[in-house]
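Student: generate coordinates for the sequence data below:
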Amino acid sequence: MEIRKATKEDMPQVLELIKELAIFEKEPNAVEITVAHLESEGFCENPLFTCFVAEKQTNNSHKEIVGAALIYFRFSTWKGRTLHLEDLIVKESERGKGIGQALYKKVMQFAYKNNLKRVAWDVLDWNDGAIRFYERSGATIMKEWRVVHMTEEGIKNFVKQ
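Tutor: Residues are numbered from 1 along each chain as shown. Below is the predicted model:
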């Protein structure tokens with residue numbers, strides 16, 4: 001298995017992983033982006049994200065992407081430039097083989113090389129395996145913080161008030 005920076009050509013497989021994650025997170029119809037979105041937003045002059053992929057060689061010498069980590073820079077008024085880990089995805093059939101840990105390590109190496117003071121991400125409160133994994137790695141689960149989202153419809157309604 002190889003962990004490497006994703007290419008534009010990887011985006012169809014990355015989108016399939018994103019859709020698989022949406023099913024796992026009980027939001028099977030939530031994915032609205034397309035391969036074209038991923039390609040145009042991640043592989044332009046000022047890319048909005050960086051993606052790392054875990055690639056595995058199959059029996060017929062074909063390479064298959066079995067995991068991905070999508071990250072982007074944020075700015076903290078307390079810390080300065082930080083990193084957000086949007087998604088860490090491993091194909092269901094490949095979980096428990098160290099792929100998630102390898103991708104996670106790649107993200108932390110990226111943060112370290114860029115002298116960042118924080119990496120942040122969200123985890124569902126029912127995803128006990130992920131929570132245990134993150135806690136074992138030394139991450140702090142911020143139980144007193146709440147994730148807040150404003151949907152497209154909510155934005156529209158608020159602005160029109």
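
Student: in a strand, residue 78, correct?
Tutor: No - secondary structure assignment places residue 78 outside any strand; it is coil (DSSP: H, G, I helix; E, B strand; the rest coil).

Student: since we're on it, how many residues are nearby?
Tutor: When neighbours are defined as other C-beta atoms under 10 Å, residue 78 has 7 of them. Just so you know, the C-beta spots here come from the backbone N, C-alpha and C atoms, and that holds for glycine as well.

Student: in stretch 137-150, which residues are buried?
Tutor: Using 16 or more other C-beta atoms under 10 Å as the burial criterion, the residues of stretch 137-150 that qualify are residue 139.

Student: oh, that last question was meant for stretch 59-75, not what I typed.
Tutor: Neighbour-count burial for stretch 59-75 [16+ other C-beta under 10 Å]: 65, 66, 67, 68, 69, 70, 71.

Student: farthest-apart pair in those residues, please.
Tutor: The largest distance within the buried residues of stretch 59-75, taken as C-beta to C-beta, falls between 66 and 71 and amounts to 18.1 Å.

Student: tell me the contacts of the residue sitting nearest the centre point of the chain?
Tutor: The central residue of the chain, meaning the one whose C-alpha is nearest the mean C-alpha position (C-alpha atoms, centre = their mean), is residue 87 at 1.9 Å. Contact partners of residue 87, counting by C-beta atoms under 8 Å, 6 or more residues apart in numbering, are 18, 21, 68, 69, 70.

Student: list just the nearest of these to residue 93.
Tutor: When these are compared against residue 93 (criterion: C-beta to C-beta), the nearest one is residue 21, at 13.7 Å.

Student: how close does the nearest residue to residue 11 once chain neighbours are set aside sit to residue 74?
Tutor: Excluding its sequence neighbours, the residue lying closest to residue 11 (C-beta to C-beta, 6 or more residues apart in numbering) is residue 38, at 4.2 Å. Computed as C-beta to C-beta, to the nearest Å, the residue 38 to residue 74 distance reads 19 Å.
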